[in-house]
Structures are given as structure tokens and as C-alpha cells.
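Colleague: here is a sequence together with a model predicted from it:
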Amino acid sequence: MLPRVFSRICTPPEGNKRPVKTIMPILIVAVVIFICWASGLVVFTYEYPVPNQPLQHPCKVQIVNETNMLLENGAMITFTPRWPSDRSPEEVYEDISNQVRRSDFQIDIETNKTGGLDIFVRHPRKFRDSAPPFTIPVIRQAKGQYFRQREAVGAYVQTGDKTN
């Protein structure tokens, strides 16, 4: 037994089949869109990039050389990569210094559980790396242009006169 409202919409008055002809294509389109959404072919959200600063306490880096960073407050940090690599140490340290340069020479430093330092940099976010085939822009989703990523671990070699 159909609900009262649905039965009024779907059952035409006597001799008039017009409401069924107009409602059936709308129902078919709605079902097809639902199936496409459920299977991941269609999304209704679109990403809107907003400028952001993901670093919690940004520190300015003055000089980056092989394994050391000199901060603006006078502190010197020696750093090592956060993961083992098959590449040569020179390539790894060059990659870390390039990441620091790309983040406008700003890093974030946190003390980890072992007493060492975790060094974070700001990375640009990739938008729509694996996008579905169709986007129907109905819901706006704000996302930051940058995210925070741990790039290296380190230790203070020399502390500066100023405090953070």
C-alpha cells in the first residue's frame, strides 16, 4: 500500500496520464544520479583553496647548509632526515634544504618524546589529485593551500640569545 501523498502523485486522475509522464523521467534521473554518486562517479562538493599558515610557531631560518640551520633568533640546529634513504646523504640534505626554501625559510620546531627536535615545513597541497569524472558544484569545501609535514629531526647545537 502506497502512502497517501505518493499515491496522489503517481496515480493519474481518470483519463489523464500527464502526471505519470512528467514524474517518471524525474525519478529515473534522480535514481541514475544517486547510483552514480554511490559508485563514486559524481561528487557534489568542490574544493575551495584558502590561504592558511599551518605552522603553529613559525621560526625564520637565515642559513641552511649541509646539516645545520641557523635560525633568526641565533639558535643553530643540526638536522638529520626523518627516514632512511637509498640516496646519497648529499642528495637527502639537499632535498631537505630545498623543502625549507620552498616554505619561505619558515620552519616549525617541536620537542619530541625522546628529547630531540622535530622540524616541520609548510608544503603546498595538491588539489584534485584523483578527482572523480564529474563534479556537480553544490557544496563548497574550504581547504587550506598548505599543510604541515615533518621533514627532519634535529638537536640544538647552540641556543640563541632570544627565546621563541
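Modeller: Okay, I see it. Numbering: from 1, shown residues only.
Colleague: going by C-alpha atoms from here, please, whenever you check contacts or count neighbours.
Modeller: Will do.
Colleague: show me what contacts residue 146?
Modeller: 51, 52, 53, 54, 122, 123, 124, 125 (CA atoms under 8 Å, 6 or more residues apart in numbering).
Colleague: of those, which is the nearest to residue 68?
Modeller: Taking CA to CA as the measure, residue 68 lies nearest residue 122 of these, at 18.6 Å.
Colleague: check that closest one and give its pLDDT.
Modeller: Reading off the confidence values, residue 122 has pLDDT 85.
Colleague: helix/strand/coil for it?
Modeller: strand (DSSP: H, G, I helix; E, B strand; the rest coil).
Colleague: related to what we said a few turns ago, ok, and the most crowded of the contacts of residue 146?
Modeller: Neighbour tally across those (other CA atoms under 10 Å): the maximum, 26 neighbours, falls on residue 122.
Colleague: helices or strands next to the lengthiest helix in the chain in the packing?
Modeller: Longest helix of the chain, by residue count under DSSP state H: helix 18-39. Applying 3 or more CA pairs under 8 Å, 6 or more residues apart in numbering; DSSP states H and E, one finds that helix 18-39 contacts helix 4-10, strand 42-50.
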